[in-house]
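S.K.: model this:
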Amino acid sequence: MVDHLANTEINSQRIAAVENCFGASGQPLAVPGRVLLGEGILTKECRKKPKPRIFFLFNDILVYGSIVINKRKYNSQHIIPLEDVTLETLPDTLQMKNRWMIKTSKKSFVVSAASLTERKEWISHLEECIRYLLTKTGRQPSTEHAAPWIPDKATDICMRCTQTKFSTLTRRHHCRKCGFVVCADCSRQRFLMPRLSPKPLRVCNLCYRQLLAEKKEEAEADHRQPEPIRSAIPGYEPSSGDDSDKSDDDKADQWPADTEFYTSEVSWSSFHS
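M.R.: Residues are numbered from 1 along each chain as shown. You can find the predicted model right below:
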């Protein structure tokens, strides 16, 4: 499919249409050899609640963003190099069906499709692109992944001390190392994890002690493991960080609130040929 679509006018038009939908807030996506393979709406498990997101699968990257006006305007663009992606199929829950996890070294999150067939198509196309890229570059599949954030509503108490109850005044926080929902007292420490951010990030007390111990061991060994080699993507760095706060505010989403994305049998995705 990639060879068939590469350098064709229809592929160029499709990529240009995606760029136009993201507008000035998005990054340029047209590079030599890049092919848009498919697109669709998936439900992303965000910190506060599951929300619809538009996803675009290219032969080398996965792009997603928030829906302002479907097929006309998107924002909060995120770009994930496929070489860094590992997939994990997940069981259904009462809230979300046809789930799987997209795991990367910088960010991991759960998505769901409108049907089981749609999930199979997404996973099949993703895995094919990942295999091709790893074979082409000679890289091994990524083994180091960021922990997915546990949704706020998954617990009413701190998952570390199990004593503090969350309320309007007692805020939930997330450890950037393990993804647990924790209270302020259990997450007062900050630790620099360059793989995730150039700034020190909030971590729970347990992870902080573990990270300090690991750092001490590295210092005693007097060497550090080399950073994994990443393919350069022209014009931008791989997206990371917490898109589930800024872009997931209710006021930013104009999609009808009563639409059931993950229980509907309507096909929300399409793959090009």
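S.K.: any idea which helix or strand carries residue 171?
M.R.: In the assignment (DSSP states H and E), residue 171 maps to no helix and no strand.
S.K.: Can you report phi and psi for it?
M.R.: Reported as degrees, to the nearest 10, the phi and psi values for residue 171 are phi -80, psi 150.
S.K.: change the start of the numbering to 365 and stick with it
M.R.: Sounds good: first residue 365 from here, last item residue 535.
S.K.: out of everything not next to it in sequence, what's closest to it?
M.R.: With CB to CB, 6 or more residues apart in numbering as the criterion, residue 535 has its nearest non-adjacent residue at 6.8 Å, and that residue is residue 548. From N, CA and C alone the C-beta is placed, and that goes for glycine too.
S.K.: how near is the one you found to residue 531?
M.R.: 12 Å (CB to CB, to the nearest Å).
S.K.: State the distance from the residue nearest to residue 535 to residue 511.
M.R.: Noted for residue 548: a distance of 20 Å to residue 511, by CB to CB.
S.K.: Also residue 444?
M.R.: To residue 511, residue 444 is 16 Å away according to CB to CB.
S.K.: Counting neighbours, go ahead and name the busier of the two.
M.R.: The residue with more neighbours, out of residue 444 and residue 511, is residue 444; 19 against 16, by other CB atoms under 10 Å.
S.K.: quick one: secondary structure of the more buried one?
M.R.: With DSSP: H, G, I helix; E, B strand; the rest coil as the basis, residue 444 sits in strand.
S.K.: who's it bridged to?
M.R.: Beta-bridge partners for residue 444, by DSSP bridges, are residue 426.
S.K.: And the pLDDT for it?
M.R.: Residue 444 is assigned a pLDDT of 96 by the prediction.
S.K.: Quick check: it touching residue 424?
M.R.: No - under the criterion of CB atoms under 8 Å, residue 444 makes no contact with residue 424, lying 10.2 Å away.
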